[in-house]
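Undergrad: Structure for the following, please:
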Amino acid sequence: MMQGPEDSTDPDDAPDGLDMLRDEAAAYAWIERIVWPQGPVCPRCGRGDRIGALHGASVHLGTYKCYACRKPFSFRSGTPFHASNVSLTRWLQALYLCRDGEIPRPSVLQTALGITAKTAAALRRRLERELSPRRPAKLR
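TA: As a prediction, this is how the structure comes out:
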């Protein structure tokens, strides 16, 4: 069966390039298809057979529970998105602005994303930490 553009896990195949930015639910669905092509997998125990989606007023979008180790998780676990109050659509917009390999200044991020200067500076620091080339470990 052939995959349509909306079923693809390749980020470059997103319809119109930025369709995943239309709302939070679309952004989460797009990222989850990339991170977990065969469905969610617990980052702690590595199991994917006993997973359930959590719903409710106090639960964040995209949160799952592993019934093997009894811990909640999302694709954000262990990523720069983890413990960030910035919406996923804003994160993806910021990453889109970095597509030329250059991280924009905080003032550009502030204007383009409609966020505060403090949030733009914090976002840039996280982007720099994750997108900069890794330095080799020092010899001891």
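Undergrad: how is this structure carved up into domains?
TA: 20-77, 79-131 (automatic domain parsing).
Undergrad: need the ones you listed in CSV with mean pLDDT, can you?
TA: Shown next, in CSV, are the domains of the chain (pLDDT from 0 to 100):
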stretch, mean pLDDT
domain 20-77, 89
domain 79-131, 90
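Undergrad: possible to save those as TSV with mean neighbour count?
TA: C-betas here are computed from N, CA, C, even on glycine. Compiled in TSV, the domains of the chain are given as follows (neighbours: other C-beta atoms under 10 Å):
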stretch	mean neighbour count
domain 20-77	15
domain 79-131	15
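Undergrad: Chain neighbours aside, what residue packs nearest to Glu97?
TA: Slight slip there: residue 97 is Leu, not Glu. Pro104 (5.0 Å; C-beta to C-beta, 6 or more residues apart in numbering).
Undergrad: ok so the one you found is a helix residue?
TA: No. In this structure, Pro104 is coil, not part of a helix, as judged by DSSP: H, G, I helix; E, B strand; the rest coil.
Undergrad: Tell me who's in contact with it.
TA: 94, 97-98, 112, 124 (C-beta atoms under 8 Å, 6 or more residues apart in numbering).
Undergrad: for Val108, same thing?
TA: Val108 sits in contact with Leu97, where contact means C-beta under 8 Å, 6+ apart.
Undergrad: try 10 Å this time
TA: 94, 97, 120, 124 (C-beta atoms under 10 Å, 6 or more residues apart in numbering).
Undergrad: May I see those organised as TSV, with secondary structure and distance to Ala53 added?
TA: Below are the contacts of Val108 laid out as TSV (DSSP: H, G, I helix; E, B strand; the rest coil; distance: C-beta to C-beta, whole Å):
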residue	secondary structure	distance to Ala53
Ala94	helix	27
Leu97	helix	31
Ala120	helix	32
Arg124	helix	33
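Undergrad: Relative to Val59, which of the residues you listed is nearest.
TA: Ala94 (25.0 Å; C-beta to C-beta).
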